[in-house]
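Q: Kindly generate the corresponding structure for this input.
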Amino acid sequence: MHNINLDREILKLIEEQPEISEREIAHTLSVSEELVKLRISSLHDIREKILIMGHGNNVHNNLQKVLEAENYNVVSTLDNFSALETVNAEKPDLVLLDTDMDAFEICRQLKASPRHWWVPVMMLSERDKTEDGVKAFNSGADDYITMPLNPLELKARVGMILRRCRI
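A: Numbering: from 1, shown residues only. The predicted structure follows:
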């Protein structure tokens, strides 16, 4: 069995039976336990990663829950001061910035950076003011959404941005 097919079979078994042991996987697939351990250690999270930068309030937590329910790999940070370093370390597919922080400046820095200019940015605001949306787009944001968030709209917007980036 080729490694790619073996990886798929291992993932399928783990998905179907989350508590399955490496020994049981090896027995089921008729391969050595050592090979199963090696293949599992080589697997990495292939889900799209979303980095949420904000102040960790209930809205922030709800965002994380909604996105995790859609099977995104969600990473959050409360430290916007090292935004570029965090983006560099996490390598997200999308950054969500809370405009209550220094979001406009962080967005400008990301879009000006040769390493991060391509990372899409969605800004979130508790204020429903036209000038905030204009300021977000002028600082380089790819999308802007006001709260309270509608989970269906959030999912649609995130999906749309990530689809655009895959092209």
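Q: quick one, longest helix in this structure?
A: Scanning the chain for the helix with the most residues, using DSSP state H, yields helix 151-166.
Q: And that one, how far out from the chain middle?
A: Relative to the centre of its chain, helix 151-166 is centred 11 Å away, using CA atoms, centre = their mean, to the nearest Å.
Q: May I see the buried residues of it?
A: 154-155, 157-158, 161 (16 or more other CB atoms under 10 Å). (Glycine included, C-beta is placed from N, CA and C.)
Q: Adding pLDDT and distance to residue 130, write those residues out as a markdown table.
A: Formatted as a markdown table, the buried residues of helix 151-166 follow (pLDDT from 0 to 100; distance: CB to CB, whole Å):
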| residue | pLDDT | distance to residue 130 |
| --- | --- | --- |
| 154 | 93 | 20 |
| 155 | 93 | 25 |
| 157 | 95 | 18 |
| 158 | 95 | 23 |
| 161 | 95 | 21 |
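Q: And those residues, which is closest to residue 139?
A: Distance to residue 139 across these (CB to CB) is lowest for residue 161, with 16.2 Å.
Q: Now do the same for the most centrally placed residue in the chain: helix, strand or coil?
A: Taking CA atoms, centre = their mean, the centroid of the chain lies closest to residue 50, which sits 1.8 Å from it. The three-state assignment at residue 50 reads strand, by DSSP: H, G, I helix; E, B strand; the rest coil.
Q: what sits against it?
A: Contacts for residue 50 were tallied using CB atoms under 8 Å, 6 or more residues apart in numbering; they are 67, 72-75, 92-96, 158.
Q: Just the strands from this protein, written as ranges.
A: 49-53, 73-77, 94-98, 121-125, 143-146 (DSSP state E).
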